[in-house]
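K.L.:
Build me a structure from this.
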Amino acid sequence: MYTETKRRIDLTMSPKDMAVAMAEGNMGALICCIEVLSIGAAVDPHSFAGGVGNLVSLDSLRIYGDRIGMLWGDVCGSHAGTVIAVLRARQLGVAGVTDDVLNYAIDHHGEGLDVEAAIKAVHERLPQFNINAGIVKEDIDVAPKGNFFKRFFAKFRLSIA
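P.N.:
Numbers count the residues shown, from 1 in each chain. So this is what the prediction gives:
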């Protein structure tokens, strides 16, 4: 479990800068952060901060880089809506999702966390919550050929300038 006390983000940062800081160079983590930022408000219309709130949650839990990548791939099946649901279940205190359970699941390939129960419990508490809202089905290559990151950020309608 990650125990460093220094946070990576603050609310004066742009969403792009938040994603890059949280990812710590891990491509899976970067994809997770960008997708969560991109669809956060659509998935969870009750969230006051949209996708940014999810990155703040990860930061408060001290989950960064490789561990975001493991949450993304191993725990949540590379599905941004599921990541948002798990974080929201933790926030709401439903389906047994606690800080310890979440961290254990990240470190043990999803073990100990019932993701489906978390999604169901969140939806029961927040009926407008929809893990599939706002999912972009397009291929990552939506911009003209060139810089990979320009194409990547274009997919999520963010600027890297």
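K.L.:
going forward, measure contacts between C-alpha atoms and count neighbours the same way
P.N.:
OK.
K.L.:
middle-most residue in the chain, spatially?
P.N.:
Val36 (4.4 Å; C-alpha atoms, centre = their mean).
K.L.:
I'd assumed Asn54 was in contact with it.
P.N.:
Yes: here Val36 reaches Asn54: they are 7.2 Å apart, a contact under C-alpha atoms under 8 Å.
K.L.:
Spit out the residues that contact these two alike.
P.N.:
Common contact partners of Val36 and Asn54 (C-alpha atoms under 8 Å, 6 or more residues apart in numbering): Ile84.
K.L.:
number of nearby residues for Asp10?
P.N.:
Residues lying near Asp10 (other C-alpha atoms under 10 Å) number 11.
K.L.:
quick one, phi/psi of it?
P.N.:
Per-residue torsions, Asp10: phi -140, psi 160 (degrees, to the nearest 10).
K.L.:
Report the mean per-residue pLDDT for the top helix by length along the chain.
P.N.:
When the chain is parsed with DSSP state H, its longest helix is helix 27-43. Computed over helix 27-43, the mean pLDDT rounds to 96.
K.L.:
Who are the packing partners of the helix or strand harbouring Ala121?
P.N.:
Using DSSP states H and E, Ala121 sits in helix 115-125. In terms of contacts (3 or more C-alpha pairs under 8 Å, 6 or more residues apart in numbering; DSSP states H and E), helix 115-125 is packed against helix 80-92.
K.L.:
Go ahead and produce CSV holding the CA coordinates of the helix it packs on.
P.N.:
Output in CSV follows, covering the C-alpha atoms of helix 80-92 (Å, rounded to 0.1, in the frame of the first residue of the first chain):
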residue,chain,number,x,y,z
ALA,A,80,-14.0,4.0,-16.3
GLY,A,81,-17.6,3.8,-15.1
THR,A,82,-16.7,0.9,-12.9
VAL,A,83,-13.8,2.9,-11.4
ILE,A,84,-16.2,5.7,-10.7
ALA,A,85,-18.7,3.3,-9.1
VAL,A,86,-16.1,1.7,-6.8
LEU,A,87,-14.8,5.1,-5.7
ARG,A,88,-18.4,6.3,-5.1
ALA,A,89,-19.2,3.1,-3.1
ARG,A,90,-16.3,3.9,-0.9
GLN,A,91,-17.4,7.4,-0.4
LEU,A,92,-21.0,6.3,0.4
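K.L.:
Show me what counts as buried in the longest helix of the chain.
P.N.:
Neighbour-count burial for helix 27-43, counted by 16 or more other C-alpha atoms under 10 Å, picks out 28-43.
K.L.:
which among those gets closest to Asp74?
P.N.:
Nearest to Asp74 out of the buried residues of helix 27-43 is Gly28 (C-alpha to C-alpha; 10.8 Å).
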